[in-house]
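**Student:** Pasting the sequence and the predicted model now:
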Amino acid sequence: MQQIDMKSEEFKNELQKTWEFIEKVNKQFNFVQNPNQDVNEGVAMGLARNRLIYGKRYCPCFMVEGETKEERKKANNRICPCKPALEEEIPQNGLCHCGLFCTPEYAKSQTLDKDKKDTKKDPNSLSKDQANKLVQKEQIDGEELKALLKARDDKLVDFILVDTRELMEYQMAHIEGTDLLLPTSLFHVKVEELLGDKKDQNIIVYCQTGSRSFQVQRVLKTIGFNHVGNLKPGIVSYSGNIKESVA
């Protein structure tokens with residue numbers, strides 16, 4: 001699988017074209033961007049990356065299935081702006097699956113909600129029993145992961161935190177305490193090498209908005225991993241420490 005250097009002129013040029021594409025879609029359908037700019041930037045980079053690798057702006061929140069053009073076409077991979085988003089997700093939920101395209105009404109409601117949530121307190125410390133029970137949940141939120149990481153530091157619980165985004169996203173920023181990078185695009189190539197001997201350990205996966213990691217969670221459980229949790233809202237809603245990688 002081709003790796004993209006986000007500092008290259010090729011990627012920067014494609015990213016600029018992607019932002020122009022996004023603006024064109026917004027004007028065509030009267031959409032607006034997500035109030036959370038981290039969501040927009042993460043999805044835009046994923047679209048640019050897929051355009052360079054596959055020649056099409058496949059939705060970065062889903063695994064791209066198929067080795068050849070013909071196989072990818074047959075697999076009915078989502079191409080932005082995808083039909084499910086236009087016909088179902090945005091009319092029903094106010095935003096597409098990736099969160100990039102929103103209705104003005106949804107964006108306004110999220111801005112108001114954020115103002116209310118900014119005063120939310122840090123989670124309380126967990127007991128050993130609470131931590132070991134929480135780590136078994138299939139879907140956890142940002143405050144729960146924050147509490148679990150503290151409990152792990154205190155040696156009350158043990159788990160492996162896995163980033164399922166792409167290398168360029170990880171290089172920009174990742175959750176402090178992340179143990180492994182397992183890019184969704186390289187999942188089938190790297191999973192055995194990185195996690196093959198850890199099927200009985202507690203694993204928590206995350207991505208930008210919780211979509212790719214949910215797919216990884218599902219596949220891991222299918223191939224025999226017993227304890228896999230997913231950070232449902234993704235890194236965009238995590239209020240704990242974020243580490244920026246040094247180039």
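**Tutor:** Okay, I see it. All values reported here derive from a predicted model rather than from experimental measurement. Numbering: from 1, shown residues only.

**Student:** mind listing what's buried in the longest helix that the chain contains?
**Tutor:** Taking DSSP state H as the criterion, the chain has its longest helix at helix 9-29. Neighbour counts using 16 or more other Cβ atoms under 10 Å place F11, E14, L15, T18, F21, I22, N26 of helix 9-29 among the buried residues. All C-beta atoms are positioned from the backbone trio N, CA, C, and that covers glycine.

**Student:** Columns distance to H188 and pLDDT on top of those residues, output as a markdown table?
**Tutor:** Formatted as a markdown table, these follow (distance: Cβ to Cβ, whole Å; pLDDT from 0 to 100):
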| residue | distance to H188 | pLDDT |
| --- | --- | --- |
| F11 | 24 | 94 |
| E14 | 25 | 97 |
| L15 | 27 | 96 |
| T18 | 26 | 98 |
| F21 | 29 | 98 |
| I22 | 30 | 98 |
| N26 | 35 | 97 |
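
**Student:** can you redo these as a markdown table with distance to K137?
**Tutor:** Listed next are the buried residues of helix 9-29 as a markdown table, based on distance: Cβ to Cβ, whole Å:
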| residue | distance to K137 |
| --- | --- |
| F11 | 37 |
| E14 | 38 |
| L15 | 36 |
| T18 | 35 |
| F21 | 38 |
| I22 | 34 |
| N26 | 36 |
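
**Student:** Show me the two of those residues that sit farthest apart.
**Tutor:** Within the buried residues of helix 9-29, two members stand farthest from each other by Cβ to Cβ: F11 and N26, at 22.3 Å.

**Student:** contacting residues around the spatially closest residue to S237 that is not a sequence neighbour?
**Tutor:** Distance criterion Cβ to Cβ, 6 or more residues apart in numbering; nearest residue to S237, sequence neighbours excluded, is G142 at 4.9 Å. Counting by Cβ atoms under 8 Å, 6 or more residues apart in numbering, G142 touches L231, P233, S237, Y238, S239, G240.
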